[in-house]
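1. everything below, folded, please.
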Amino acid sequence: MKVKPLVLAAYVMLITVPGIAGAEHSFSANVALTTDYVWRGISQTDEDPAIQGGFDWEHSSGFSAGVWGSNIDFDSDASMELDIYAGYSTEVNGVALSVGAIYYNYPSESDLDFWELNAGIGYGPFTAMVSYTDEFGEGAEEAIYYELGADFDLPFAGLALGVHAGYYDIDSTDGKSYSDWKIALSKQVAGFSLELAYTDTDLSESECGGDVCDGRAIFSVSKSF
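-> The predicted model follows:
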């Protein structure tokens, strides 16, 4: 099953159906430069820098959709990742709830494309999310990613602290289940977001097929419009 057409169809429906269409829309864009594009603890650029950016649409009803892209460097013909996503979020008695779908598209090598469904919950600074696919790897098998996160404003220098922990449960011959974690300090400066982070996994270099799973520091600069 491929959900890319479904995501696009949902986007068209949301901006044209009476009651959802209207003036309560907002559009935004974002761009970022990072010393390494790390996704779920693993470098997607072979430890090289990346330039990234995206566009998002949100409606006051809670529906949203968007696209996001980055350069990548795999041991393949793929050189770009383009994600297409849509979802719905709401809040009930102070508890944030969300569901969504995302399609990971690699234009130069479509065999790598896959989709995920996700559901999340949050309360105060804490969040949890589960993402599921049955198209992981060449064997198109199941994988579930569990993640926990928290963000705190620190009482000095305008800094914020973010922590993240994840577990990738991979039921596939193309990969091994593993854990990853990240800790980051961020600060707003002149309208830009600066972040210094450290991320790591419990995969060895032999299990990972290289050092792209090793611990590393990452510095990023981003801007939203």
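
2. quick one: the helices in this protein, in order.
-> Secondary structure of the chain by DSSP state H: the helices cover 4-14, 205-208.

3. least reliable of those helices going by mean pLDDT?
-> Lowest mean pLDDT within the helices of the chain: helix 4-14, at a mean of 51.

4. OK, contacts around the residue lying closest to Asp46 once chain neighbours are set aside?
-> The shortest distance from Asp46 to any residue other than its chain neighbours is 4.2 Å, reached at Asp73 (Cβ to Cβ, 6 or more residues apart in numbering). No exception for glycine: its C-beta is placed from N, CA and C like everyone else's. Listed by Cβ atoms under 8 Å, 6 or more residues apart in numbering, the contact partners of Asp73 are Gln44, Thr45, Asp46, Asp48, Ser79.

5. turn those residues into a markdown table, including neighbour count, pLDDT and distance to Ser186.
-> What follows is those, written out as a markdown table (neighbours: other Cβ atoms under 10 Å; pLDDT from 0 to 100; distance: Cβ to Cβ, whole Å):
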| residue | neighbour count | pLDDT | distance to Ser186 |
| --- | --- | --- | --- |
| Gln44 | 20 | 95 | 21 |
| Thr45 | 20 | 96 | 21 |
| Asp46 | 14 | 93 | 25 |
| Asp48 | 13 | 95 | 22 |
| Ser79 | 13 | 91 | 29 |
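
6. closest one of these to Gly162?
-> The nearest member of these to Gly162, counting by Cβ to Cβ, is Gln44 at 19.5 Å.

7. got the contact list for the closest one?
-> Counting by Cβ under 8 Å, 6+ apart, Gln44 touches Tyr37, Val38, Ala50, Ser70, Ile72, Asp73, Phe74, Glu81.

8. can you map out the strands along this structure?
-> Here the chain has its strands, by DSSP state E, at 25-34, 38-39, 42-43, 50-59, 63-71, 80-92, 95-105, 114-123, 126-136, 141-153, 159-170, 178-189, 192-201, 216-224.

9. got the angle for the fourth one vs strand 63-71?
-> This means strand 50-59. 170 degrees (axes from the mean of the first three to the mean of the last three Cα atoms, to 10 degrees).

10. next, the buried residues of strand 50-59.
-> Across strand 50-59, burial judged by 16 or more other Cβ atoms under 10 Å covers Ala50, Gln52, Gly54, Asp56, Trp57, Glu58, His59.

11. so in terms of bridging, what pairs with the fifth one?
-> When bridges are called by DSSP bridges, Trp57 pairs up with Phe27, Ala65.
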